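Novice: this one's structure only:
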């Protein structure tokens, strides 16, 4: 096995890890979105400041998990591009 082939194999393993990580973070995002929906509804019909504070916190959690999903996706796309370039080099040999 050539050095390039080993690198591609390692990248494939890392890509599988990133796909699992992305799925996990996305599921957490979905959970926080549901919590946020409930908190926003509660804050809209409530006169309690705690409900509004809770709604702000859950909205911040959603934004944090959206950023986390985007970061994992960006890492995955960058690695996929590197792998594509290596595959192109193998084809050119």
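Specialist: Cool, the structure landed. The structure displayed is predicted, hence computed values, not measured ones.
Novice: Every contact and neighbour count from this point should use C-alpha atoms.
Specialist: OK.
Novice: Contacts only, for residue 4.
Specialist: 86, 90 (Cα atoms under 8 Å, 6 or more residues apart in numbering).
Novice: host element of it?
Specialist: Per DSSP states H and E: residue 4 is located in helix 3-45.
Novice: how far does that helix sit from the chain's center?
Specialist: Remark: helix 3-45 is offset 4 Å from the chain centroid, using Cα atoms, centre = their mean, to the nearest Å.
Novice: Check stretch 55-63 too.
Specialist: 17 Å.
Novice: List the buried residues for it?
Specialist: Using 16 or more other Cα atoms under 10 Å as the burial criterion, the residues of stretch 55-63 that qualify are 55, 56, 58, 59, 61, 62.
Novice: So what touches that stretch?
Specialist: 29, 32, 33, 35, 36, 39, 40, 42, 43.
Novice: out of these, who's nearest residue 3?
Specialist: If you rank these by distance to residue 3 using Cα to Cα, residue 29 comes first, at 38.3 Å.
Novice: and that closest one, how many neighbours does it have?
Specialist: By other Cα atoms under 10 Å, 21 other residues sit near residue 29.
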